[in-house]
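J.: from the sequence below, what's the structure:
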Amino acid sequence: MRYFVTGTAGFIGFHLARLLLSRGASVVGYDGLTPYYDVSLKERRHAILSENPRFRPVIGLLEDAGRLRQAAGDAAPDVVIHLAAQAGVRYSLENPRAYIDSNLIGSFNLLEVVRELDVRHLIVASTSSVYGANAKIPFTETDGTDEPMTLYAASKKAVEAMAHAYSHLHDVPTTVVRFFTVYGPWGRPDMALFKFVSAALKGEAIDVYGEGRMERDFTYVDDLVEAMVRLADVVPVKGQPVVFDRGRDSLSPIAPFRIVNIGGGAPVGLLPFIDTIGRHLGVQLVRRMLPMQPGDVPRTFASPDLLAALTGYVPQTRVDTGVRAFIDWFREYQSGSEPVARSANASLRRPAARSLRKPKAPVSRPVGAVADIDAA
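T.: Predicted coordinates:
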């Protein structure tokens, strides 16, 4: 299988590409290496991937339509996975233009390229942030998403809508995957876990927004990319929804298009999360309790039922285990001794995430910015 993946120098794209390569796929990775955070971290990720002869990096922006078209055309992919985006909930309050340029214009360019290619499946990354002010829990894929609370969320909702339109108009089988607070080794420096660990090891205080009353459905990155690889084999077919007991398929009635949450359905409070960090570091984190930031939501909570019905798989790495793995990596990374041969899915010596009985195929910017708890 040949994959064209945007965002391979990013946190999730790096782990996804490593998993695909470990399973024998060929990957062309397209990434702009933008300076939203430390570019050297992105370069180190790409250097590790480039040790595999089946990985070929292409450096370019999504906004560069010509370069994107050339790279994707040369790759001749079976599957396209679109991860590249301007990330960060809070940064969208500081630099909204970046979200228009990358997430809207860039994603439009990608969709234009895909409609010209004969791809088996397009997978587009989205975020739990699109659920916005939704008070119903857990969040299911068929819930309304008409109340985004940040431009970041609005831009990702718009990408979902554009992808549906292209799926309908050009018969492109498309799956949108909504991420829920992804964390783990090689994570982004603007994310809460990275900043909390870094501050704690320096003896600095951490900023705790919402006075610690928030909850997040944390998803360990190995679980996330395993789910994505499994979903790549579940190609939506118009008029053929999967039938399962605990909900209904999000398959569009007019397009080979569906939306799937990737989350474990087990929210964890921010304060217990911080306690877990302190326990593994052996320190007491000093906390500055602050009010909720604009755009923050009090809780995210994924329903994993559709993912389980489609793939027989549910993320289940415990936060305690995942935080420990991140801290082990962080210490190695800071010391410059990161063992680059480590497999993405071997970053923890743990049992695999829960695998349910697989059903029959469905009938179907600056690093110093405030810590962002939502990683998608």
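J.: the strands in the stretch 251-376 of the chain, which residues?
T.: Secondary structure of the stretch 251-376 of the chain, counting by DSSP state E, counting those that start in this stretch: strands at 257-262, 268-269, 287-289.
J.: most packed of these?
T.: Stretch with highest mean neighbour count among the strands of the stretch 251-376 of the chain: strand 257-262 (a mean of 27; mean count of other Cβ atoms under 10 Å). To be clear about C-beta, it is placed using only N, CA and C from the backbone, and glycine gets the same treatment.
J.: which strands and helices sit next to that strand?
T.: For strand 257-262, the packing partners by 3 or more Cβ pairs under 8 Å, 6 or more residues apart in numbering; DSSP states H and E come out as helix 151-170, strand 174-179, helix 221-232, helix 305-311.
J.: who wins for proximity to V5 among these?
T.: Closest approach to V5 among these (Cβ to Cβ): helix 221-232, 10.0 Å.
J.: report the buried residues of that closest one.
T.: Under the neighbour-count criterion of 16 or more other Cβ atoms under 10 Å, helix 221-232 has 221-232 buried.
J.: between those, which is nearest G184?
T.: V221 (3.5 Å).
J.: wait, the closest one touches H15, no?
T.: Yes: using Cβ atoms under 8 Å, V221 is in contact with H15, at 4.9 Å.
J.: so which bits of stretch 165-182 are buried?
T.: 166-168, 172-182.
J.: ends of it, what's the gap?
T.: 28 Å (Cα to Cα, to the nearest Å).
J.: give me the mean pLDDT for that stretch.
T.: Stretch 165-182 shows a mean pLDDT of 98.
J.: E94: how many residues sit nearby?
T.: 12 (other Cβ atoms under 10 Å).
J.: show me which pair in the buried residues of stretch 165-182 is furthest apart.
T.: H168 and T181 (30.7 Å).
J.: quick revisit: need the helices and strands packed on strand 257-262 in CSV with distance to N103, can you?
T.: Putting the helices and strands packed on strand 257-262 into CSV (distance: least, Cβ to Cβ, whole Å) gives the following:
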stretch, distance to N103
helix 151-170, 4
strand 174-179, 13
helix 221-232, 19
helix 305-311, 24
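J.: L20: which of the ones you listed is closest?
T.: Here helix 221-232 is closest among the helices and strands packed on strand 257-262 (Cβ to Cβ), at 6.6 Å.
J.: tell me the angle that closest one makes with strand 257-262.
T.: 160 degrees (axes from the mean of the first three to the mean of the last three Cα atoms, to 10 degrees).
J.: against which helices or strands is helix 221-232 packed?
T.: helix 11-22, strand 79-82, strand 121-127, strand 174-179, strand 182-183, strand 257-262, helix 305-311.
J.: and those as TSV, adding distance to I48?
T.: Putting these into TSV (distance: least, Cβ to Cβ, whole Å) gives the following:
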stretch	distance to I48
helix 11-22	7
strand 79-82	18
strand 121-127	21
strand 174-179	22
strand 182-183	19
strand 257-262	23
helix 305-311	27
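J.: nearest to S92, out of those?
T.: strand 121-127 (11.4 Å).
J.: that closest one pairs with which strands?
T.: The strands that strand 121-127 pairs with in its sheet are strand 79-82 (parallel), strand 174-179 (parallel) (by DSSP bridges).
J.: and the helix-or-strand element of the chain with minimal mean pLDDT, how far out from the chain middle?
T.: Within the chain, no helix or strand scores below helix 91-94, which has a mean of 74 by mean pLDDT, DSSP states H and E. Relative to its parent chain, helix 91-94 has a centroid offset of 19 Å by Cα atoms, centre = their mean, to the nearest Å.
J.: now do the helix or strand hosting A200, average pLDDT.
T.: Assigned by DSSP states H and E, A200 falls within helix 192-202. The predicted model assigns helix 192-202 a mean pLDDT of 96.
J.: pull out the buried residues from that helix.
T.: 192-200.
J.: and what of stretch 137-156?
T.: 137-141, 143, 145, 148-156.
J.: for G265, find the nearest of the helices and strands packed on strand 257-262.
T.: helix 305-311 (8.1 Å).
J.: and the closest one, what does it pack onto?
T.: Applying 3+ Cβ pairs under 8 Å, 6+ apart, one finds that helix 305-311 contacts helix 221-232, strand 257-262.
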